[in-house]
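Novice: this is the structure alone, sequence omitted:
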């Protein structure tokens with residue numbers, strides 16, 4: 001039964017996640033943390049941080065890790081299949097219609113109207129992570145990491161994956 005739940009959770013999240021990886025993250029979080037209780041929000045945040053630091057599509061990295069954690073190699077295979085299947089089906093079905101609707105103002109409007117929804121979902125998820133970090137780490141560590149991350153990303157233009165890895169190291173050394 002766990003394999004069906006893994007498949008369904010990742011299939012639904014990726015079926016509804018119009019726009020790629022960033023739009024699927026809150027949907028995967030909802031399934032993994034709230035719907036099935038497979039992870040806590042803090043654990044999900046750790047998986048998200050590691051997935052962000054690695055190259056490749058974020059949804060497949062998260063699916064592989066969570067699926068493996070829940071059901072071993074078969075669980076990872078099921079989660080990856082469920083993650084890829086909605087896009088594969090859509091590409092196969094919609095490929096014939098691409099040329100017909102590529103310049104349609106309605107399609108362009110639909111694409112533009114989804115962007116604010118994705119932004120709100122990501123903001124809610126960031127707020128939840130902020131609250132969890134505040135409760136688990138304390139205000140001093142949280143402010144220090146936020147300030148250093150802001151400065152390194154915006155002022156020094158250091159790659160985000162390096163900032164994530166350094167933050168993970170900081171948390172592993174000082175907060176565990």
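Specialist: Right, received. Where do you want to start? Bear in mind that the values here come from a model prediction, so they are computed numbers and not experimental data. Numbering: from 1, shown residues only.
Novice: pLDDT below threshold where in this protein?
Specialist: Residue ranges of the chain with pLDDT under 70: 19, 98.
Novice: go through it and flag its longest helix.
Specialist: helix 58-94 (DSSP state H).
Novice: who does that helix touch, helix- and strand-wise?
Specialist: helix 2-16, helix 21-29, helix 41-53 (3 or more C-beta pairs under 8 Å, 6 or more residues apart in numbering; DSSP states H and E). For the C-beta atoms, the positions are set from N, CA and C on the backbone; glycine is no exception.
Novice: what is the neighbour count of residue 62?
Specialist: By other C-beta atoms under 10 Å, the residues close to residue 62 number 26.
Novice: oh, that last question was meant for residue 69, not what I typed.
Specialist: Residues near residue 69, counting by other C-beta under 10 Å: 16.
Novice: check the one 5 residues further on too.
Specialist: Using other C-beta under 10 Å, residue 74 has 14 other residues around it.
Novice: correct me, but it touches residue 6?
Specialist: No - the pair residue 74 and residue 6 does not pass the contact test of C-beta atoms under 8 Å, sitting 9.2 Å apart.
Novice: just checking, next helix/strand downstream of the host helix or strand of residue 117?
Specialist: Using DSSP states H and E, residue 117 maps to helix 105-137. Using DSSP H and E, the next helix or strand after helix 105-137 towards the C-terminus is helix 139-150.
Novice: that following helix: which residues count as buried?
Specialist: Judged by neighbour count using 16 or more other C-beta atoms under 10 Å, the buried positions of helix 139-150 are 141, 145, 149.
Novice: state the distance from residue 28 to residue 34.
Specialist: According to C-beta to C-beta, to the nearest Å, residue 28 stands 11 Å off from residue 34.
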